[in-house]
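1. Sequence plus predicted model, see below.
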Amino acid sequence: MKNKIFSIALSFTVLFSLIITSCSSDGDVSSKSDAKILLREEKPVISAENLELLKQQALREYLALNLNEALFEPRANLQSVYDKLLPYERENLSSLNLPVILGSDYNADYFNKLNEFLAFSARIANSELFYRDSSIQSRERTIGDILLFVLENGYQATVSSCGPGYAPCVRTAERNHKIRMQQATLTAVISTAISFGAGGPGATAGWVIAMIYSGIQYDSDMQDCWESNGC
């Protein structure tokens, strides 16, 4: 299992670097002084009042969409789905015939919920609560903060009474899973907006593969928590 997770992590690292490269801006900051100038000239993208409002709106919508099962307790054979989708990582997700590719591993509800989460994240990025003159790229940090806020406050795993180290272990595994999903989804939203605009064709299958990878790692980490504490 550990070897399989290692190979997954390696593939995910390559995949994630490709996605990030696709949305990097032209030109590099040539010196520390240039970086300081850029930092000093950075403009706010949303008021403090609207930021709090957007966080609470996003959390309410997330809970109403019932996405937790797909993100944290999916009824899918994630390893098999990952293996079958990996060859299509650069293909546009909407162009793939998933029932044919995945066969008996296809779970329509699971993929519908993943797509809902991506669409939900895109709505946050395009919210009218941001300043109108702010670009999607300039909103990236704030969008990421909101996504993590939603995931942190929208789900917590049930922790049984086990060894003293079990609860902290579970919380760490859960936190890491949320951060991976936030990073993958943020990258997908930003890179799609840059490449295609708000009405573009959507994310590549690489985003789904990244989400599935995180789910596999989360399952492995949770199992380790269980076994290492004699549960």
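-> Thanks, I have the structure now. Keep in mind that what you see is a predicted model, and the values were worked out from it rather than measured.
2. Do you have the helices of the protein handy? List them.
-> 2-22, 32-41, 48-65, 68-72, 78-85, 98-102, 108-125, 140-154, 166-196, 205-228 (DSSP state H).
3. What's the mean pLDDT across stretch 68-88?
-> Summarised as a single mean, pLDDT over stretch 68-88 is 94.
4. Ends of that stretch, what's the gap?
-> End-to-end distance for stretch 68-88: 26 Å, by C-alpha to C-alpha, to the nearest Å.
5. Not counting that stretch itself, show me its contacts.
-> 4, 8, 11, 96, 101-103, 105, 107, 109-110, 113-114, 117, 151, 154-155, 157, 174, 177, 181, 205, 208-209, 211-213, 215-216, 218-219 (C-beta atoms under 8 Å, 6 or more residues apart in numbering). To be clear about C-beta, it is placed using only N, CA and C from the backbone, and glycine gets the same treatment.
6. how near is the residue nearest the centre of the chain to Pro168?
-> Among the residues of the chain, the one closest to the centroid is Met181, at 2.7 Å (C-alpha atoms, centre = their mean). Distance of Met181 to Pro168, given as C-beta to C-beta, to the nearest Å: 21 Å.
7. same deal with Thr187?
-> Taken as C-beta to C-beta, the span from Thr187 to Pro168 is 29 Å.
8. Which residue of those two possesses the greater neighbour count?
-> Thr187 (21 against 12; other C-beta atoms under 10 Å).
9. Distance check, that one against Met222.
-> Distance check for Thr187 against Met222: by C-beta to C-beta, it reads 25 Å.
10. what do you get for Gln137?
-> 35 Å.
11. returning to that earlier point: and the contacts of stretch 68-88, which are buried?
-> 8, 11, 96, 101-102, 105, 107, 110, 113-114, 117, 151, 154-155, 157, 174, 177, 181, 205, 208-209, 211-213, 215-216, 218-219 (16 or more other C-beta atoms under 10 Å).
12. returning to what we had before: list the contacts for the residue nearest to the centre of the chain?
-> Contacts of Met181 by C-beta under 8 Å, 6+ apart are 71, 151, 211, 214.
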